[in-house]
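Structure here, sequence nowhere to be found:
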Ligand SMILES: [Zn+2]
Ligand SMILES: [Zn+2]
């Protein structure tokens, strides 16, 4: 085969481009600047969307809102000079984990937890029951917490998916073996990201439709009131997976995946941690929450949930005084967990959690619960 026809063959990396337009001579190309890639991701992340449909049928109004998923008034309670530590967007390094670590960084509370995910009209009207009324752990309020967490996750999952063509170019200037390694890593991550995207889209659809009908009987929740503001505040969604598998439509088995949102916040002078999920998605999240509820003593449960919020969500905000108080080993342990993404299976019995000196306010009352 002569070179020009080889260049017309599809590229080995699976991009569907011809070799000549894709990996040919890539080892001699100029490497991409990571800062440019991060800028592109940030630009895409800041493109306003409104994710309010299908939870409402009213049209968008008032332009883009910078929506806070953890209210600024909450963050003010734990901020130092208007800043909190955030395990926020780590740029390229958080997705293509070849360099650097994600670390909690100081972030102004104007930016912390905020995203351009709703128009002004819907941000105000849809979330009025949680923003303008004291939180009481009602099914409606819990459903809205979950909806907002799902929309935020979907917003950034879209960005992640849109970024893969750029991430695939990060092997410019590398040797052939490294190119192959990079492309296979990208393919794996792109696969996971597209599954995540489909799951989130269907969650948003189902939860949104129920909210628009004011039906909340599908909503599972566990709401604790704390004696003081939680030093770790959060609005995040993680996926609980079960080692059990269920038969899929194609008669293959797949792991049971279920979204579980975690929220730490204050409302009208009271302080809460809430876990919310969709009961229709399966029994996994409910069983897990039930296990925590029955096995973790009161002194331990807040600490345990704080660690989960820190490791599971990039929308977690930490009181600077609390973080700076931790000894080096604890910080290292927490940073390790942020970066390894270990989730379930990390439950190590209450003795482990009791041994950690991570002061966290005790729950004073179980406000509301629905496990099934
Ligand atoms: Zn290629
Ligand atoms: Zn809207």
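Perfect, I can see it now. Keep in mind the model is a prediction, meaning the values are calculated, not measured. Ligands and ions are numbered 1, 2, ... in the order given.

So residue 241 versus residue 105, what's the distance?
29 Å (C-beta to C-beta, to the nearest Å). Glycine gets a C-beta too; all of them are placed from N, C-alpha and C.

Of the two, which one has the most company?
Between residue 241 and residue 105, residue 241 has the larger neighbour count (other C-beta atoms under 10 Å), namely 16 against 13.

Show me the beta-bridge partners of the more buried one.
Beta-bridge pairing of residue 241 under DSSP bridges involves residue 257.

Is it in contact with residue 259, as I believe?
No - the pair residue 241 and residue 259 fails to qualify as a contact (C-beta atoms under 8 Å) at a distance of 10.7 Å.

Figure out how far the biggest helix by length in the chain is from the centre of its chain.
Under DSSP state H, the helix in the chain containing the largest number of residues is helix 176-212. In this view, helix 176-212 has its centroid 13 Å away from the chain centroid, taken as C-alpha atoms, centre = their mean, to the nearest Å.

again, but for stretch 168-187
From the chain centre to the centre of stretch 168-187 is a distance of 27 Å (C-alpha atoms, centre = their mean).

Can you give me the end-to-end span of it?
Separation of the first and last residues of stretch 168-187 by C-alpha to C-alpha, to the nearest Å is 9 Å.

Quick check: phi and psi on residue 370?
Main-chain dihedrals, residue 370, degrees, to the nearest 10: phi -150, psi 110.

Next up, the contacts around it.
Neighbouring residues of residue 370 by C-beta atoms under 8 Å, 6 or more residues apart in numbering: 139, 219, 220, 221, 279.

low-confidence ranges in this protein?
Across the chain, the ranges flagged by pLDDT under 70 are 1-3, 88-101, 242-256, 340-356.

interface residues of it facing ligand 2?
By C-beta under 5 Å from the ion, the residues of the chain that approach ligand 2 are 50, 52, 60, 119, 122.

Buried ones only from these, please, as a PyMOL command.
Filtering these down to the buried ones (16 or more other C-beta atoms under 10 Å) takes a single PyMOL command:
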select buried, resi 50+52+60+119+122
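
Just the terminal-to-terminal distance for stretch 52-61.
The distance separating the two terminal residues of stretch 52-61, taken as C-alpha to C-alpha, comes to 11 Å.

Other residues contacting that stretch?
With contact meaning C-beta under 8 Å, 6+ apart, stretch 52-61 is reached by 50, 118-122, 125-126, 147, 204-205, 207-209, 211-212.

From these, list the buried ones, please.
Looking at the contacts of stretch 52-61 with 16+ other C-beta under 10 Å, the buried ones turn out to be 50, 118, 119, 120, 121, 122, 126, 147, 204, 207, 208, 211.

Between all of those residues, which two are separated the most?
Of all pairs drawn from the buried ones among the contacts of stretch 52-61, the one with the largest separation by C-beta to C-beta is 120 and 207; the distance is 21.9 Å.

Provide a list of residues in contact with the residue of the stretch 151-300 of the chain found nearest ligand 1.
With C-beta to the ion, the shortest gap between the stretch 151-300 of the chain and ligand 1 falls at residue 183, namely 6.9 Å. Residues in contact with residue 183 (C-beta under 8 Å, 6+ apart) are 13, 14, 168, 171.

Relative to ligand 2, how far out is it?
If you measure residue 183 against ligand 2 using C-beta to the ion, to the nearest Å, the figure is 38 Å.

returning to what we had before: please indicate which of the contacts of residue 183 are buried?
Among the contacts of residue 183, those classed as buried by 16+ other C-beta under 10 Å are 13, 168, 171.

With distance to ligand 1 and secondary structure as added columns, please give those in a markdown table.
Shown next, in a markdown table, are the buried ones among the contacts of residue 183 (distance: C-beta to the ion, whole Å; DSSP: H, G, I helix; E, B strand; the rest coil):
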| residue | distance to ligand 1 | secondary structure |
| --- | --- | --- |
| 13 | 3 | coil |
| 168 | 8 | helix |
| 171 | 9 | helix |
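
Out of those residues, which is nearest to ligand 2?
Within those, distances to ligand 2 taken as C-beta to the ion reach their minimum at residue 168, with 32.9 Å.

Quick check: the residue nearest to that closest one when sequence neighbours are not counted vs residue 175, distance?
Leaving out its chain neighbours, the residue that sits closest to residue 168 by C-beta to C-beta, 6 or more residues apart in numbering is residue 186, at 5.1 Å. When C-beta to C-beta is the yardstick, residue 186 and residue 175 sit 16 Å from each other.
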